[in-house]
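Enquirer: what shape does this take:
(chains A and B)
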Amino acid sequence: MDKNELYGQLKNILIDQFELDEASISPDANLYDELELDSIDAVDLLVQLKNVTGKKISPDDFKDVRTINDVINALTAL
Amino acid sequence: MKHLFFVYRFIGTSLFWFFFGVIGLIYGFLLLPLVYLVVRRPERRQVIARNMIRGAFIMFVWVARNMRLITCDVRGMQHWDPDQSQLLLANHLTLIDVVILLSLFPQVDCVVKAAVTRNPVLRVSAGTANYISNHAPDELLDSCVARLEGGSSLLLFPQGTRAIRGEPLRFRLGAAEIALRARATIVPIAIDCEPQMLAKNVPWYRIPPSQPQFRITLLPPVAAESLVPEGTDPRRARHELNAALESLIGGELD
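Expert: Now for the predicted structure:
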């Protein structure tokens, strides 16, 4: 999966599972400050991403993740 | 006289930790591995290991009290129901509060640090007692919920780490999330220790200026969902429950 596909998948998860507004999602959007995800959402997001992409970002790596772009980069680095 | 008592407490505390360490070694290297090897059925093993650990903790508390190293006042034990699945949520001040709480509640489940389960000796001990490891946050939530739904009681410290006495309580969301997913009955527990001993980053030998006085208060059981307005969406609900728990336990400590 390339970065664009990953971005699409992540966007779908955020809209369907976390009921976020599509307009609020951009590559630079901060997950916690702008999208208002909390620590439990972050854990759920990891699980959802694993289900969709088959790749699991470790919780330790996810600590440094701030924006949507960071998530994509962490996934492609695996 | 006061000076003499301080000197006594220093020597007594040193002896106590020596005793604590020796018993810990005997348990970790001998008794619990023995249970692991001898008892075949994991469920039986878990019951025996937890009873043994509780036995040691009862002894530690008894020794510390009778050596007059601490005083300990426990209130509200009538709120603990051994026949029911309860989620015990306590604030965390000192290493000793774990020992006191595990001495009070037979067969209770608890979470141990991943660092503990990476240590080969402690791994066998924690594994024999079948305590939950916090190595992966997603699995941790699921296993805590599963234990509660399976009828066990579970002890959690929602602060996740030892805090400083007198500071406002800040709970992490995990405990509230577990409570809501398992539709748990919560028993809030307020722990006070004046003066605070064995706080984070304080070595054991720096003993407090006077004898630490523990006050442990169990509050009446409350259904998790009753602390959240009906119809609140699940993401909002954990924040609401968390705030309610912080003020329930925090209010008891003011």
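
Enquirer: quick one, strands of chain B?
Expert: If DSSP state E is used as the criterion, the strands of chain B fall at B:71-75, B:86-90, B:109-112, B:132-133, B:154-156, B:185-194, B:213-218, B:222-223.

Enquirer: quick one: contacts of the fifth one?
Expert: Around strand B:154-156, the neighbours that count as contacts under C-beta atoms under 8 Å, 6 or more residues apart in numbering or on different chains are B:86-90, B:101-102, B:105, B:108-111, B:144, B:147-148, B:174-175, B:178. (Each C-beta comes from the backbone N, C-alpha and C, glycine too.)

Enquirer: B:Ile249: what's it in contact with?
Expert: Residues near B:Ile249 by C-beta under 8 Å, 6+ apart: B:Leu89, B:Ala90, B:Asn91, B:Leu169, B:Pro188, B:Ile189, B:Ala190, B:Leu219.

Enquirer: and those, which two are furthest apart?
Expert: Farthest apart among those by C-beta to C-beta are B:Leu169 and B:Leu219. That separation is 13.6 Å.

Enquirer: alpha carbons only: can I get stretch B:130-137 in CSV?
Expert: The C-alpha coordinates for stretch B:130-137 follow below in CSV (Å, rounded to 0.1, in the frame of the first residue of the first chain):
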residue,chain,number,x,y,z
ASN,B,130,-1.9,-15.2,36.6
TYR,B,131,-1.7,-11.5,37.1
ILE,B,132,-2.3,-9.3,34.0
SER,B,133,0.8,-7.8,32.3
ASN,B,134,0.5,-4.3,30.9
HIS,B,135,2.9,-4.9,28.0
ALA,B,136,0.4,-4.0,25.3
PRO,B,137,-2.2,-1.3,25.9
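
Enquirer: check the offset of it from the chain's centre.
Expert: Remark: stretch B:130-137 is offset 15 Å from the chain centroid, using C-alpha atoms, centre = their mean, to the nearest Å.

Enquirer: next, count neighbours for the closest residue to B:Phe60 other than its chain neighbours.
Expert: Take B:Phe60 and drop its neighbours on the chain: the residue closest to it by C-beta to C-beta, 6 or more residues apart in numbering or on different chains is B:Val99, 5.5 Å away. Neighbours of B:Val99 under the rule other C-beta atoms under 10 Å in any protein chain shown: 17.

Enquirer: how about B:Gly150?
Expert: 10.

Enquirer: any idea how far chain A is from the closest residue in space to it that isn't next to it in sequence?
Expert: Nearest residue to B:Gly150, sequence neighbours excluded (C-beta to C-beta, 6+ apart): B:Ser85, at 7.9 Å. In this view, B:Ser85 and chain A are 22 Å apart by C-beta to the nearest C-beta, to the nearest Å.

Enquirer: can you get me a residue count around B:Ser85?
Expert: Residues contacting B:Ser85 under the criterion other C-beta under 10 Å number 17.

Enquirer: go on, B:Phe60?
Expert: B:Phe60, neighbours per other C-beta under 10 Å, totals 20.

Enquirer: same question, B:Ala184
Expert: With other C-beta under 10 Å as criterion, B:Ala184 counts 26.

Enquirer: hmm, it is touching B:Leu88, no?
Expert: No: with contact defined as C-beta atoms under 8 Å, B:Ala184 does not reach B:Leu88; the gap is 9.9 Å.

Enquirer: re earlier: export the strands of chain B to CSV and tack on distance to B:Ala163 and mean neighbour count?
Expert: Below are the strands of chain B laid out as CSV (distance: least, C-beta to C-beta, whole Å; neighbours: other C-beta atoms under 10 Å in any protein chain shown):
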stretch, distance to B:Ala163, mean neighbour count
strand B:71-75, 20, 14
strand B:86-90, 11, 24
strand B:109-112, 17, 22
strand B:132-133, 22, 19
strand B:154-156, 14, 23
strand B:185-194, 10, 22
strand B:213-218, 16, 19
strand B:222-223, 22, 15
